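In: Return atomic coordinates for the entry below.
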Amino acid sequence: MSPKATVSPQIAAMDMAAIKAAGYRAIICNRPDGEGADQPSFEEIEAAAKAEGIETRYVPVESGMVTDQDVAAFGQALAEVQRPVLAYCRTGTRSA
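Out: The predicted model follows:
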């Protein structure tokens, strides 16, 4: 999307070293825990990110149901974290 913000489909804990190597300083998760049987929990992503020195925020958004509150919460998370930031959900659409 820009040099300061990128969106992605679902990431995994094992992706964290590559995310750090790509220069990302923060991750925002827009996917609610338990949405898919095969997705890692935010807790797992957060622990792996913290081990790499990457900030995280959890701003879950229900698929197809983006509200004004969701947009405001995402904006707040963006204001709080260092850049560049990687935001993700199942496909990247909600994060975009």
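
In: Report the strands that pair with the one helix or strand R57 maps to, each with its relative direction.
Out: Assessed by DSSP states H and E, R57 sits inside strand 55-58. Using DSSP bridges, strand 55-58 pairs in its sheet with strand 26-29 (parallel).

In: got a list of contacts for the partner strand?
Out: 11, 19, 42, 45, 49, 54-60, 74, 77-78, 81-89, 95 (C-beta atoms under 8 Å, 6 or more residues apart in numbering). (Glycine included, C-beta is placed from N, CA and C.)

In: Could you identify the buried members of these?
Out: For these, a neighbour count by 16 or more other C-beta atoms under 10 Å gives the buried set as 11, 19, 42, 45, 49, 54-60, 74, 77-78, 81, 85-89, 95.

In: that's a helix at P40, yeah?
Out: No: read with DSSP: H, G, I helix; E, B strand; the rest coil, P40 is coil and lies in no helix.

In: so what's it up against?
Out: P40 is in contact with Q10, A12, A13, counting by C-beta under 8 Å, 6+ apart.

In: Can I get those residues in a markdown table including pLDDT and neighbour count?
Out: Formatted as a markdown table, those follow (pLDDT from 0 to 100; neighbours: other C-beta atoms under 10 Å):
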| residue | pLDDT | neighbour count |
| --- | --- | --- |
| Q10 | 97 | 18 |
| A12 | 97 | 12 |
| A13 | 97 | 16 |
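
In: closest to A37 among those residues?
Out: Q10 (12.2 Å; C-beta to C-beta).

In: separation between the closest one and A48?
Out: The gap separating Q10 from A48 is 13 Å, by C-beta to C-beta, to the nearest Å.

In: Could you do V7 as well?
Out: 19 Å.

In: Between those two, point out the one with more neighbours.
Out: More crowded of V7 and A48, by other C-beta atoms under 10 Å: A48, with 21 against 18.
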